[in-house]
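S.K.: structure, please.
(one chain, ligands or ions: 1)
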Amino acid sequence: MSEILIRNADVVVTMDAARREIARADVLLRGGVIAAVGQGLATSGEVVEARGCVVTPGLVNTHHHLYQTLTRAVPGGQDALLFGWLRTLYPIWAQFGPEEMRISALAGLAELALSGCTMTSDHLYLYPNGARLEDTIDAAREIGLRFHPTRGAMSIGESAGGLPPDALVEEEAAILRDMERVVDAFHDPAEGAMVRVGLAPCSPFSVSRDLMREAAALARDKGVMLHTHLAENDEDIAYSLSRFGCRPGQYAEDLGWTGDDVWHAHCVKLDGSEIELFARSRTGVAHCPCSNCRLGSGIAPVRGMRDRGVKVGLGVDGSASNDAGNLIAEARQTLLLQRVARGADAMSAREALEIATLGGARVLGRGDCGSLEPGKRADIAVWDVSGIEAAGSWDPVAALILCGPSRVRDLFVEGRQVVRDGHVATVDLGRLVETQNRLARRLAG
Ligand SMILES: [Zn+2]
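M.R.: Okay, the predicted model is just below:
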C-alpha cells in the first residue's frame, strides 16, 4: 500500500482526546488511513517536507448550497434580509440545469479545498430543468473531497402560502421517491466512506409537516442523517409561531427532527430550553457565522451550546449569502462573533479550530474523521505559516485562526493529494473559473 510521510512540521495539531500538539513532528499516511503520528517517522514512499508548517486535521463544512456559487453578489440580493433575499434569487435559480449544478459545485468545492476543507456536506433543495443530486456527487468525486450531499426539497409554493415560486417546488410523493432513489444509489455507510447521503427538506417555511415527518421516517428506515434550516432569524421564529403555534425547537421535536442523526443549520435564535433539548437529544448544529452576519440574522449562542454539550460544527452556507466559501475564515468569524456577544474570553483560537475540525466531524457522525490519530482517515491540512500573514507570531496554532494564512499549502483526503503547493491538483482551476463565469454571465443576461 502506498505511503506518504508529512515530515518535520513545526507543529502537528492532533485533536486527539488529550488535544496533543506535537512539535517537529511527522504524520505517516498509508493508503487512505493515518498509520502513525509522532517524531522521527520513516518511509520508503513519498515524502512531503512540512518545515515551517502547521498540520491539522482537515476542516469539515457542515452546511452549504454549492449551487449558489453561480449567484454571488447578485444585485438586489446584496442588502436584503433572508426572505427578501430568497425572493430575489428564486427566479434566477429556476433557470439552472445539470451543467450549472455540476460546475457551480466544482467551483464551491475547489474554494473549500483551498481553505483547508476535506469533507463537506451540501444541501441541494431545488431540481429545475432535469438537475439531480448526482450532478454534485460527480463534482465531489472529480475534485476528491469527502462528500455528504443531502437531498433537499421544497413543496409549498407561493400559491399555497409558501415562499418559493410554484415552478421551483416538487410534489411530495415525487420528493420521497427521489430521496429513496439517491440513498439507495449513492449512500455508503462503511467506515471511510467518500459519499454519504442525507435527507433535507429545505426549511419549515417551504415544506409541509407531513413531508418533514415522512422524511424522518425514511431516514431512520435507511440509516441516513437528517438536515434542515432552523431558527435562522426573527422572521423565521415569527413564522413558526404564527403558522405552527410553537417555536422551532418544539416543531422539530414534534416531527421527529431531534436526535444524534439530525443536524440543523443556523440555530441563531435557539432559546435556553431549545439548547437543552439539543443537548439532551444529541442534535447537532451547523453554525454559519459569516452568513448570519451577511444577512443580519444575529449571533448564534454557540458559547451556550458548547457549554451544555451541544455538538457544533461550522458551515460556510451558500455562496449567495456569504458570499465567500472560505472555511478557515469561518473559524475566525466564530471566535470574533462570540467575543462580540460575550467578551474577549468567550472563545479561544484553539476552541474555534476544534469546532472547525473535530466538531464538524461529530456533527456529521464521522467518528473516523476529525483528528490525526492512527486508524483515522487520512484527511489532513498543511498550512504554511512561514509567510507574511503569520510573521512575528509567537504561537503558530493560535496564529492560524488569529492571523492566517487562509489558504492551505497542501491538502490530503483519504490519503490523496487534492491541493499541492497552494494549487488544486485534481482539476484545472483556470478552465473551471472560465466556465463558471461564462455560466454566470448567461444567467445574468
Ligand atoms: Zn443554508
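
S.K.: got the residue ranges for the strands in the stretch 151-300 of the chain?
M.R.: Applying DSSP state E, counting those that start in this stretch to the stretch 151-300 of the chain gives strands spanning 198-201, 225-230, 262-266, 284-287.

S.K.: do you know which of the ones you listed lies nearest residue 244?
M.R.: For residue 244, the closest of the strands of the stretch 151-300 of the chain is strand 225-230, at 12.2 Å, according to C-beta to C-beta. From N, CA and C alone the C-beta is placed, and that goes for glycine too.

S.K.: skipping adjacent residues, who's closest to residue 2 in space?
M.R.: residue 45 (5.8 Å; C-beta to C-beta, 6 or more residues apart in numbering).

S.K.: what about the one you found, how many residues close to it?
M.R.: By other C-beta atoms under 10 Å, the residues close to residue 45 number 13.

S.K.: same question, residue 390
M.R.: Neighbour tally, residue 390, other C-beta under 10 Å: 21.

S.K.: can you tell me the element it falls in?
M.R.: Per DSSP states H and E: residue 390 is located in neither a helix nor a strand.

S.K.: dump the residue contacts of it.
M.R.: For residue 390, the contacting residues are 396, 399-400, 403-405, by C-beta atoms under 8 Å, 6 or more residues apart in numbering.

S.K.: show me which residues of stretch 112-131 are buried.
M.R.: Judged by neighbour count using 16 or more other C-beta atoms under 10 Å, the buried positions of stretch 112-131 are 112-128, 131.

S.K.: how about residue 176, nearest residue that isn't a chain neighbour?
M.R.: residue 214 (5.9 Å).

S.K.: read off the pLDDT value for that neighbour.
M.R.: pLDDT, residue 214: 98.

S.K.: now residue 321
M.R.: Model confidence at residue 321 (pLDDT) stands at 83.

S.K.: go on, residue 204?
M.R.: What the model reports as pLDDT for residue 204 is 79.

S.K.: ditto for the one 5 residues further on
M.R.: What the model reports for residue 209 is a pLDDT of 93.

S.K.: so residue 431, which state does it fall into?
M.R.: Of the three states, residue 431 takes helix according to DSSP: H, G, I helix; E, B strand; the rest coil.

S.K.: what bridges to residue 420?
M.R.: As for beta bridges, residue 420 partners with residue 423 under DSSP bridges.

S.K.: count of neighbours near it?
M.R.: Using other C-beta under 10 Å, residue 420 is surrounded by 16 other residues.

S.K.: follow-up on the earlier one: out of the strands of the stretch 151-300 of the chain, deepest packed?
M.R.: With neighbours taken as mean count of other C-beta atoms under 10 Å, the strands of the stretch 151-300 of the chain reach their highest mean count in strand 284-287, at a mean of 30.

S.K.: least trustworthy helix or strand in this structure by mean pLDDT?
M.R.: When the helices and strands of the chain are scored by mean pLDDT, DSSP states H and E, helix 82-93 comes last with a mean of 88.

S.K.: what packs against that one?
M.R.: For helix 82-93, the elements it packs on are helix 234-244, judged by 3 or more C-beta pairs under 8 Å, 6 or more residues apart in numbering; DSSP states H and E.

S.K.: sorry, back to before: among the contacts of residue 390, which lie within helices?
M.R.: If you go by DSSP state H, the contacts of residue 390 have 396, 399-400 in helices.

S.K.: can you give the domain ranges for the protein?
M.R.: Domains of the chain are assigned by automatic domain parsing as 3-58+371-423, 59-363.

S.K.: can you verify my assumption that residue 11 contacts residue 398?
M.R.: No - in this structure, residue 11 is not within contact of residue 398 by C-beta atoms under 8 Å, at 10.7 Å.

S.K.: burial measure for the nearest residue to residue 320 once chain neighbours are set aside, as a count.
M.R.: Excluding the flanking residues, the one nearest residue 320 by C-beta to C-beta, 6+ apart is residue 68, at 3.9 Å. Look at residue 68: counted by other C-beta under 10 Å, it has 24 neighbours.

S.K.: now for residue 68: which residues touch it?
M.R.: With C-beta under 8 Å, 6+ apart, residue 68 has these contacts: 89, 104, 108, 318-321.
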